[in-house]
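*Asks:* no sequence on this one, just coordinates:
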């Protein structure tokens, strides 16, 4: 489900809600219970946060393991295979 950030118009509290698209207009402020809020957009640095976006990243340890696997596998030579025909 998507995550939405809202800012309460009454108390200026910023809150985050995980809900379906259809229920995003049926929320209330957890601080003052007001149902008057507006979408709140985070600063640019948060938009690139892979954890917040749900994007999996490969850590350096896993990259090292992958590179070792690649080095241990014999590399095929397409040019040699084509010249044999």
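*Replies:* Structure's in. What do you need? These numbers were taken from a predicted model, which means no experiment stands behind them.
*Asks:* alpha carbons only for contacts and neighbour counts from here, please
*Replies:* OK.
*Asks:* Thought residue 17 was touching residue 28, still the case?
*Replies:* No: using C-alpha atoms under 8 Å, residue 28 makes no contact with residue 17, being 9.7 Å away.
*Asks:* how about the helices in this structure?
*Replies:* 44-47, 50-53, 60-72, 78-83 (DSSP state H).
*Asks:* residue ranges with poor pLDDT in this structure?
*Replies:* 42-63, 66, 70-85 (pLDDT under 70).
*Asks:* Return the residues in contact with residue 32.
*Replies:* The neighbourhood of residue 32, defined by C-alpha atoms under 8 Å, 6 or more residues apart in numbering, consists of 10, 11.
*Asks:* whoops, I mixed them up, residue 37
*Replies:* Taking C-alpha under 8 Å, 6+ apart, one finds 6, 7, 8, 9, 10, 28, 29 in contact with residue 37.
*Asks:* Quick check: bridge partners of it?
*Replies:* Counting by DSSP bridges, residue 37 forms beta bridges with residue 8.
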